[in-house]
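1. turn this into a model:
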Amino acid sequence: LATNSDISGHKMNSTTNWKSVDYDSRCSNLYKAIDSCDWDEVIENLSICEEEAQTWVIKSSNKFCGLVVWRRLPIHEACIKNAPTEVLSRIINAYPEGVRTVDSFGRLPLHHACFQGSSKETIQILLSIYPEGIEVEDIWGYVPALSNDDDYQGFELSLPLEEPSFILKAVEAERMAIVG
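-> Residues are numbered from 1 along each chain as shown. Below you'll find the predicted structure:
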C-alpha cells in the first residue's frame with residue numbers, strides 16, 4: 001500500500017491508503033470483469049472481495065520507460081463501459097469514496113459517465129453522492145454538464161464556457177450588471 005496526497009493535482013484524503021496493480025501483469029479480477037463488460041462476473045467478484053473496488057489499476061507504456069498512461073479505479077472503468085445501474089450501485093456500495101476520486105486525467109466517474117452518454121439514472125446516482133462533481137474540471141478544463149441538445153436526453157462534457165444555456169444567461173446578466 002502506498003499513501004498519496006496528490007493525484008493529477010487533485011487532493012485525496014491524506015489518510016487514504018491505496019493499493020495499485022499493473023493492468024498488464026496483475027490486474028484485479030474485478031477490473032478484468034468490468035473491462036470485458038461481464039456484469040454477472042463483476043457482481044460475483046464484489047461479493048467475494050469488495051476491497052478490489054478500492055484498487056487503482058495502472059496502465060504503463062513500455063515504449064516510454066514505464067510512464068503511466070492512465071490510472072483508474074474500477075468505478076471509473078464501470079462508467080467508461082457504461083455499466084448497468086445495478087452494477088454501478090454495487091461498486092459504489094463497496095467503495096463510496098470512489099465517486100469523489102479523480103483518475104490520472106483529473107476525471108471523476110461522472111466525467112466518464114457524461115462522456116459515454118450514460119443514462120439519466122446513472123448520472124443521478126453519481127450526483128446524489130457528489131453533487132459538487134458537476135463543477136470539477138479535468139486536466140483539460142472540461143466539466144461534466146447537461147447536454148444543450150433537446151433531442152438528446154444524455155449528458156456530455158463541456159468546457160466551462162459552454163455551460164447549459166440557463167447558466168450562460170445568468171452569467172451574461174451578471175456581466176451586464178457589472179458593466180453598466
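
2. mind showing which ranges of the chain have poor pLDDT?
-> Residue ranges of the chain with pLDDT under 70: 1-18, 63-64, 146-180.

3. give the bridge partners for Ile58, please.
-> Per DSSP bridges, the residues bridged to Ile58 are Asp22, Arg71.

4. in this structure it contacts Val68, no?
-> Yes - using Cβ atoms under 8 Å, Ile58 makes contact with Val68 at a distance of 5.8 Å. No exception for glycine: its C-beta is placed from N, CA and C like everyone else's.

5. those two: who's more crowded?
-> Between Ile58 and Val68, counting by other Cβ atoms under 10 Å, Ile58 is the more crowded of the two (18 against 12).

6. check contacts around that one.
-> 20-23, 68, 70-71 (Cβ atoms under 8 Å, 6 or more residues apart in numbering).

7. in JSON lines: those, plus distance to Val87.
-> Compiled in JSON lines, the contacts of Ile58 are given as follows (distance: Cβ to Cβ, whole Å):
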{"residue": "Ser20", "distance to Val87": "22"}
{"residue": "Val21", "distance to Val87": "20"}
{"residue": "Asp22", "distance to Val87": "24"}
{"residue": "Tyr23", "distance to Val87": "20"}
{"residue": "Val68", "distance to Val87": "26"}
{"residue": "Trp70", "distance to Val87": "21"}
{"residue": "Arg71", "distance to Val87": "21"}
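
8. looking at these, which is nearest Cys79?
-> Proximity of the contacts of Ile58 to Cys79 was ranked by Cβ to Cβ; the top entry is Trp70 with 13.7 Å.
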